[in-house]
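Trainee: need a 3D model of the sequence below.
(2 chains)
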There are 2 protein chains.
Amino acid sequence: MKNYPPVSALQMPDRLLLGPGPSNAHPAVLQAMSTPPVGHLDPTFLALMDEIQSLLRYVWQTQNPMTIAVSGTGTAAMEATIANSVQPGDIVCVGVAGYFGNRLVDMARRYGGDVRTISKPWGDVFSLEELRQALETYCPAILALVHAETSTGARQPLEGVGELCREFGCLLLVDTVTSLGGVPIFLDEWGVDLAYSCSQKGLGCSPGASPFTMSPKAWEKLQQRPNKVPNWYLDMTLLGKYWGSERMYHHTAPINLYYGLREALRLIAEEGLENCWQRHQQNAEYLWEQLEMLGLIPHVAREFRLPTLTTVRIPDGVDGKAISGKLLQEYNIEIGGGLGELAGQVWRVGLMGYNSRKESVDRLISALKEVLLR
Amino acid sequence: MKNYPPVSALQMPDRLLLGPGPSNAHPAVLQAMSTPPVGHLDPTFLALMDEIQSLLRYVWQTQNPMTIAVSGTGTAAMEATIANSVQPGDIVCVGVAGYFGNRLVDMARRYGGDVRTISKPWGDVFSLEELRQALETYCPAILALVHAETSTGARQPLEGVGELCREFGCLLLVDTVTSLGGVPIFLDEWGVDLAYSCSQKGLGCSPGASPFTMSPKAWEKLQQRPNKVPNWYLDMTLLGKYWGSERMYHHTAPINLYYGLREALRLIAEEGLENCWQRHQQNAEYLWEQLEMLGLIPHVAREFRLPTLTTVRIPDGVDGKAISGKLLQEYNIEIGGGLGELAGQVWRVGLMGYNSRKESVDRLISALKEVLLR
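Mentor: Reported below is the predicted structural model:
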């Protein structure tokens, strides 16, 4: 057997992450993550899981008992909502106005969903009337919407959508990946039945442990399905026995990530959720003001603009990729490029969690000025 | 909106984790995990992914191009091997001699596998002749075996099994969750087509990023399947485009866990893989010797005993749960209880990764003496 050539110690650059995520984890979160682990069935760890559940209910403003962290990234939590709600043959209506709407379509089809889509140009949102029409037309078992479309920076209003869904007897499934912690969400008030998010954006944690919640109504549907959930790792009937009072072994939780997530949620509770939302809004408005002073125009109408993520139109004649490359290489600042329909047309600038600070904006604007005017 | 009541700062006990896993992560790994994150498409992160792939090939002794870390725990990597190899209707033969054999059965069925099992009492292993008989009887598309059964502490010899599988034209899928890094493995020499593991045992990392590998033959089968893999998060045709040269966005990798995994693998390369295996063997032998001096008997025959995990028979008249409870509460030492058929009959003692040290054994034996003789 050959020996492996020497590997140097880990050396990573110190980036300011102002893309669509991940954003920089709060230093206290990184410190919590380096705490020596206990076992996944240790009484102290089970108590920590209870705290995480309770804090997640707070940030989502829900009473759902089945509110947990999935042991994977936001995409895993997304798949968990689909896997546990879509039964083969179910009509699933998906609102597509960006990349993640399309991802929901692909996932729902893999689980046997009979998918019908309603579409809007990337950056737009659906009106209540358009949603009513879709429900009338398709009579779906599930309506899936993206609250915060990470590919466009648009915020889909959800007031009244839950009532509409109850009127038509369907479940409401919502993507809150880029909204949780940074954008007002009232899950129960809005009548949302299934939601998922991630840890590395508004919550200010590192990626890998992802919020998931389902309403008692969605839980009831799951209990009544005739076949097993076709995904073992994300099967909530099994996971519910680990997170619930049975404490039945399911998988080895990513202990240190849960330490980080608990710390990130603790910091939000300490700040106060409404204050946290306000901070995101204020810093985003400051960013928009500064961008406008540089002559840069946000892609989304102000009314529907996410405070967590801003898509900025790349001016004519500017090589967007060259600019973001310079920001990364010369200033250690990451911003994102456009995805799908918006590829090459926008930059994506995130101000999320710990990074939603005036100094993040100042550092970006100052670098952007230098790079654009060079 | 109500404020959340104050949450205290994170305070976890300092346990010595000598159960079936997780084991304590190496301090250097915990430190690496607290490095501020970069983005999941940052050139420096893509280079780190390449290093992880190359180091995983080394610890598995394989040349498989498709060797990656799955962004979930070992169970996710397990499901990834099933999801990407089992097509509906495929005959899957599973060797069941413990809890994780049964888990493979459940998973393979969820993916439409026509499962046939061969069984042995928990703690035993299959002979080459028994495996030949199974292949003759069932002509499976896939033979799934557990190299290191975490529920029993038995090591399934794999020499010659790959040749047998080639003779019968089937793929060989192997669970190396409790062997990788701690038990000699020669994946290519043994002709293994699919394997998975975890980070928190022999590799000495924290849980959450899990090794996965598939041979060119298994990859070819995946390319030829008529339908999409019914699991989006674990679909290797998509993941291959993120880990491969396309670098196509799939999900936000758990950045900080990858930092930890890279450091854990670096430490093994520095120690030398063979030295690492020897260390595990030597410390296990020392444990067995010390247990015997206390009159305690390992459950598995010496020839098939795992160096990473020892099942110890609970003596007649001893309350196994009370003993492990005292070890945890009074000595901060975690050991495991029995699972399934072995519930109440054995303790499970792990010496894995960073915890495979003489001082771990000494601390355990000294505490065990006090607790047993009280």
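Trainee: what are the ranges of the strands in the stretch 101-250 of chain A?
Mentor: A:114-119, A:142-146, A:148-149, A:154-155, A:171-175, A:194-196, A:210-214 (DSSP state E, counting those that start in this stretch).
Trainee: for stretch A:299-307, measure first residue to last.
Mentor: 13 Å (C-alpha to C-alpha, to the nearest Å).
Trainee: check stretch A:194-214 too.
Mentor: Note: stretch A:194-214 ends 4 Å apart using C-alpha to C-alpha.
Trainee: ok, now stretch A:219-237?
Mentor: Start-to-end span of stretch A:219-237 (C-alpha to C-alpha) is 9 Å.
Trainee: which outside residues touch it?
Mentor: With contacts defined as C-beta atoms under 8 Å, 6 or more residues apart in numbering or on different chains, stretch A:219-237 is touched by A:65-66, A:70-72, A:76, A:79-80, A:83-85, A:87, A:111, A:171, A:212, A:214, A:238, A:251, B:72, B:75-76, B:79, B:103, B:106-107, B:109-111, B:230-231. C-beta: built from backbone N, CA, C; applies to glycine.
Trainee: make it 7 Å
Mentor: When contacts are defined by C-beta atoms under 7 Å, 6 or more residues apart in numbering or on different chains, stretch A:219-237 is touched by residues A:66, A:70, A:76, A:79-80, A:83-85, A:87, A:111, A:171, A:214, A:251, B:72, B:75-76, B:79, B:106-107, B:110, B:230-231.
Trainee: could you do stretch A:74-83 as well?
Mentor: Against stretch A:74-83 from outside (C-beta under 7 Å, 6+ apart): A:70, A:107-108, A:111, A:173, A:175, A:177, A:194, A:196-198, A:210-212, A:229-231, A:234, A:236, B:72, B:232-233, B:251-252.
Trainee: what is the neighbour count of A:P27?
Mentor: 11 (other C-beta atoms under 10 Å in any protein chain shown).
Trainee: got a list of what A:S210 touches?
Mentor: A:69-70, A:72-74, A:76-77, A:196-199.
Trainee: which strand or helix spans the nearest residue to it once chain neighbours are set aside?
Mentor: Closest residue to A:S210 apart from its sequence neighbours, by C-beta to C-beta, 6 or more residues apart in numbering or on different chains: A:A77 at 3.7 Å. Using DSSP states H and E, the element containing A:A77 is helix A:74-83.
Trainee: picking up where we left off before, give me whichever of the strands of the stretch 101-250 of chain A is most buried.
Mentor: Comparing the strands of the stretch 101-250 of chain A by mean neighbour count (mean count of other C-beta atoms under 10 Å in any protein chain shown), strand A:148-149 comes out on top with a mean of 30.
Trainee: now that one: average pLDDT?
Mentor: Per-residue pLDDT values across strand A:148-149 average out to 98.
Trainee: one more: stretch A:249-256?
Mentor: Computed over stretch A:249-256, the average pLDDT equals 96.
Trainee: if we can go back for a sec, give me the buried subset of the contacts of stretch A:219-237.
Mentor: A:66, A:70, A:76, A:79-80, A:83-85, A:87, A:111, A:171, A:214, A:251, B:72, B:75-76, B:79, B:107, B:110, B:230-231 (16 or more other C-beta atoms under 10 Å in any protein chain shown).
Trainee: how about the helices in the stretch 151-300 of chain A?
Mentor: All helices of the stretch 151-300 of chain A, identified by DSSP state H, counting those that start in this stretch, fall at A:161-167, A:187-190, A:216-224, A:236-243, A:255-271, A:273-293.
Trainee: redo those as a markdown table? Include mean neighbour count and distance to B:H147.
Mentor: Listed next are these as a markdown table, based on neighbours: other C-beta atoms under 10 Å in any protein chain shown; distance: least, C-beta to C-beta, whole Å:
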| stretch | mean neighbour count | distance to B:H147 |
| --- | --- | --- |
| helix A:161-167 | 18 | 48 |
| helix A:187-190 | 19 | 44 |
| helix A:216-224 | 16 | 34 |
| helix A:236-243 | 19 | 24 |
| helix A:255-271 | 25 | 24 |
| helix A:273-293 | 17 | 47 |
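Trainee: quick one: closest of those to B:Y286.
Mentor: Ranking those by proximity to B:Y286 (C-beta to C-beta) places helix A:255-271 first, at 27.4 Å.
Trainee: tell me the domain boundaries of chain A?
Mentor: Using automatic domain parsing, the domains assigned to chain A come out as A:16-21+A:273-373, A:27-269.
Trainee: how long is the longest one end to end?
Mentor: This points to domain A:27-269. With C-alpha to C-alpha as the measure, domain A:27-269 spans 17 Å from end to end.
Trainee: relative to chain B, how far out is A:Q223?
Mentor: 18 Å (C-beta to the nearest C-beta, to the nearest Å).
Trainee: same check on A:N3?
Mentor: A:N3 sits 6 Å away from chain B, taking C-beta to the nearest C-beta as the criterion.
Trainee: next one: A:M293
Mentor: Distance from A:M293 to chain B, by C-beta to the nearest C-beta: 27 Å.
Trainee: any chance of the domains of chain A in CSV with distance to B:V115 as columns?
Mentor: Shown next, in CSV, are the domains of chain A (distance: least, C-beta to C-beta, whole Å):
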stretch, distance to B:V115
domain A:16-21+A:273-373, 40
domain A:27-269, 13
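Trainee: closest to B:L296 out of those?
Mentor: Closest to B:L296 of these, according to C-beta to C-beta: domain A:27-269, at 21.4 Å.
Trainee: how far off centre is that closest one?
Mentor: Averaging C-alpha positions (C-alpha atoms, centre = their mean, to the nearest Å) puts domain A:27-269 9 Å from its chain's average.
Trainee: return the backbone torsion pair for the closest residue to A:L128 other than its chain neighbours.
Mentor: Excluding the flanking residues, the one nearest A:L128 by C-beta to C-beta, 6+ apart is A:G160, at 5.2 Å. Here is the backbone geometry of A:G160 (degrees, to the nearest 10): phi 90, psi -10.
Trainee: burial of A:G160, as a residue count?
Mentor: With other C-beta under 10 Å as criterion, A:G160 counts 13.
Trainee: tally of neighbours for the residue of the stretch 251-374 of chain A found nearest chain B?
Mentor: Nearest residue of the stretch 251-374 of chain A to chain B (C-beta to the nearest C-beta) works out as A:P254 at 3.1 Å. Counted with other C-beta under 10 Å, the neighbours of A:P254 add up to 31.
Trainee: distance check, the residue lying closest to it once chain neighbours are set aside against A:L30.
Mentor: In space, and not counting its chain neighbours, A:P254 is closest to B:G208: 3.1 Å by C-beta to C-beta, 6+ apart. Plainly put, B:G208 is 15 Å away from A:L30 if you go by C-beta to C-beta, to the nearest Å.
Trainee: between these two, which is the more surrounded one?
Mentor: B:G208 (35 against 21).
Trainee: distance of the more buried one from B:F126?
Mentor: 31 Å.
Trainee: same check on A:D193?
Mentor: The gap separating A:D193 from B:F126 is 46 Å, by C-beta to C-beta.
Trainee: compare the two (neighbour count), which wins?
Mentor: A:D193 (26 against 21).
Trainee: got a list of what the more buried one touches?
Mentor: A:171-173, A:214-215, A:217-218.
Trainee: now pLDDT and distance to A:R132 too, for those, in a markdown table please.
Mentor: Compiled in a markdown table, the contacts of A:D193 are given as follows (pLDDT from 0 to 100; distance: C-beta to C-beta, whole Å):
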| residue | pLDDT | distance to A:R132 |
| --- | --- | --- |
| A:L171 | 98 | 16 |
| A:L172 | 98 | 13 |
| A:L173 | 98 | 17 |
| A:M214 | 98 | 24 |
| A:S215 | 98 | 21 |
| A:K217 | 98 | 20 |
| A:A218 | 98 | 21 |
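Trainee: all set, thanks.
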